[in-house]
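S.K.: predicted model, plus sequence, below.
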Amino acid sequence: MKIFFLFSIILASLCCAPPPPQNTSQKQDNHIITGADQTEAYLPLLKGKKVGMLVNITSIIGNKVSVDSLLHLGVDVKLIFGPEHGFRGNASNGAKVDDEVDPETGIPIISLYGKKRRPFKEDMDKIDVLVFDIADVGCRFYTIINTLSEAMMACAENNKPLIILDRPNPNAFVDGPILDMKFKSGIGKFPIPITHGLTLGEFAKMLNGEGWLEDSVKCDVEIIPVKNYAHDMDYTMPVSPSPNLNTQQSVILYPSLCLFEGTIVSQGRGTYMPFTVLGAPALKGLYDFSFTPVSIPGMSESPLHMNDTCYGLDLREYDISGFRQKGEINIRWMIDLYQAYTRKEKFFDRSFSKQMGNINYLAGTEEFKEQIINGVSEEDIRKSWEPGLSNFKEMRKQYLLYP
């Protein structure tokens, strides 16, 4: 298995394309049926309607792009809306995406990660119903939950129904500090922990139920739930959700490693193993493992420490099963790397970015940074997340669609 894994990484590097997701799940139920795959449940809702679809590279029916599949089934798809990374998933992290025409179908694509964040009235006037079919990774700073809220707002403002084709959450546990709303931003809009433990269908119910949409408006939502699914099941995503989450290992490590975006430590952007490694040039001599970030079009054009050798942790074979079993993100790596870093005043110095490079916006609280600096124990850091974390878990129960 190790030999196969190493061969896959080498092959991916040679062909300059990110490798496919690796199947690390041991307990996944092969009978899980996503909402999108249950066409018999929602085709009647689309019959005779002008349809808009908010989709990306994860939007598949079987192994085909859902837009293509629904067109083949006679659905009148008028518009495609694309979030961060674009409809076909080939835009880099944070890169603005322009409107275009899909070369495969000839359907106009309206970017929701360029000049606009939600469909405008002139867009909504062209459709009768909006279908939302995107896979999420269950993390507060992953922008798909923001895209969902904007779609719900557009539907509410224009009196159009939203159909959510639900998909499993690969990080379906609840952990981390609750977002202090003074750090509300594009990487954290709602008072939730780092991992919220909800599918997007469940999150939509929470947005409506808690009045978190603007002016507490409600969206008319129809959810096509996942069949044969429970939150305690391991789930391997069949398609990489974004260019820098290109393996199942990276998807599961993401909630823990993305916190390092607020530090001087690289998470492997600029390599073909992003979010599975950690390192910085200043850690030379302290760690044997090394990697060198470079510019990779479509993944990371200007990565941190570009062309400099970074030394640190290789987590590509780290046992990821423990995250779901413990229900915890890993903050030990943050504690250990800060303690190892000799120029500690530079560790959290990412002042070039107000939000994504600021640990307070990522953690959702300014307390976390101070705790790391002051050497607070992992146990006491976790205690400080209460009672907010327990209160959220209790509130969450009323919106669950799955055990």
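M.R.: In hand now; what should we look at?
S.K.: show me the contacts for the closest residue to residue 181 other than its chain neighbours.
M.R.: Spatial nearest neighbour of residue 181, chain neighbours left out: residue 191 (5.9 Å); criterion: CB to CB, 6 or more residues apart in numbering. Quick note: C-beta positions are derived from backbone N, CA and C, even for glycine. The contact partners of residue 191, taken as CB atoms under 8 Å, 6 or more residues apart in numbering, are 178, 179, 181, 392.
S.K.: by mean pLDDT, point me to the weakest helix or strand of this protein.
M.R.: helix 2-15 (a mean of 37; mean pLDDT, DSSP states H and E).
S.K.: for residue 326, what are phi and psi?
M.R.: phi -80, psi -30 (degrees, to the nearest 10).
S.K.: what's the answer for residue 193, then?
M.R.: phi -80, psi 180.
S.K.: thinking again about what came up before, which among the contacts of residue 191 gets closest to residue 228?
M.R.: residue 392 (26.8 Å; CB to CB).
S.K.: circling back to that earlier point, now for the helix or strand following the least confident helix or strand of the chain, which elements pack on it?
M.R.: Per DSSP states H and E, the first helix or strand lying C-terminal to helix 2-15 is helix 39-46. Using 3 or more CB pairs under 8 Å, 6 or more residues apart in numbering; DSSP states H and E, the elements in contact with helix 39-46 are helix 66-72, strand 129-133, strand 162-165, strand 221-224.
S.K.: for residue 265, which of the ones you listed is the nearest?
M.R.: Using CB to CB, the helices and strands packed on helix 39-46 put strand 129-133 closest to residue 265, at 34.6 Å.
S.K.: now do the closest one against helix 39-46, angle only.
M.R.: Strand 129-133 and helix 39-46 are oriented at 150 degrees to each other (axes from the mean of the first three to the mean of the last three CA atoms, to 10 degrees).
S.K.: using PDB, write out every CA atom in strand 129-133.
M.R.: Provided in PDB are the C-alpha atoms of strand 129-133 (Å, rounded to 0.1, in the frame of the first residue of the first chain):
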ATOM      1  CA  VAL A 129     -36.400  27.000  -9.500                       C
ATOM      2  CA  LEU A 130     -32.800  26.800  -8.300                       C
ATOM      3  CA  VAL A 131     -31.100  23.400  -7.700                       C
ATOM      4  CA  PHE A 132     -28.100  23.400  -5.300                       C
ATOM      5  CA  ASP A 133     -25.900  20.400  -5.700                       C
END
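S.K.: just to revisit the earlier point, can you redo the contacts of residue 191 as CSV with neighbour count?
M.R.: CSV is the format used below for the contacts of residue 191 (neighbours: other CB atoms under 10 Å):
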residue, neighbour count
178, 20
179, 24
181, 11
392, 19
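S.K.: start to end distance for stretch 236-246?
M.R.: In stretch 236-246, first residue to last residue: 12 Å (CA to CA, to the nearest Å).
S.K.: average pLDDT for it?
M.R.: Across stretch 236-246, the average pLDDT comes to 94.
S.K.: can you give me the helices for the stretch 301-403 of the chain?
M.R.: 321-326, 332-340, 359-363, 367-373, 378-383, 388-396 (DSSP state H, counting those that start in this stretch).
S.K.: out of the ones you listed, which is the most enclosed?
M.R.: helix 359-363 (a mean of 23; mean count of other CB atoms under 10 Å).
S.K.: related to what we said a few turns ago, could you dump the helices and strands packed on helix 39-46 into TSV and include mean neighbour count and mean pLDDT?
M.R.: Output for the helices and strands packed on helix 39-46, formatted as TSV (neighbours: other CB atoms under 10 Å; pLDDT from 0 to 100):
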stretch	mean neighbour count	mean pLDDT
helix 66-72	19	96
strand 129-133	26	98
strand 162-165	25	98
strand 221-224	19	98
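S.K.: those: which one's closest to residue 148?
M.R.: Using CB to CB, the helices and strands packed on helix 39-46 put strand 129-133 closest to residue 148, at 6.5 Å.
S.K.: partner strands of the closest one and their direction?
M.R.: The strands beside strand 129-133 in its sheet (DSSP bridges) come out as strand 50-55 (parallel), strand 162-165 (parallel).
S.K.: tell me the contacts of the residue nearest to the spatial centre of the chain?
M.R.: Nearest to the geometric centre of the chain sits residue 142, at 3.6 Å (CA atoms, centre = their mean). Residue 142 sits next to 136, 254 when contact means CB under 8 Å, 6+ apart.
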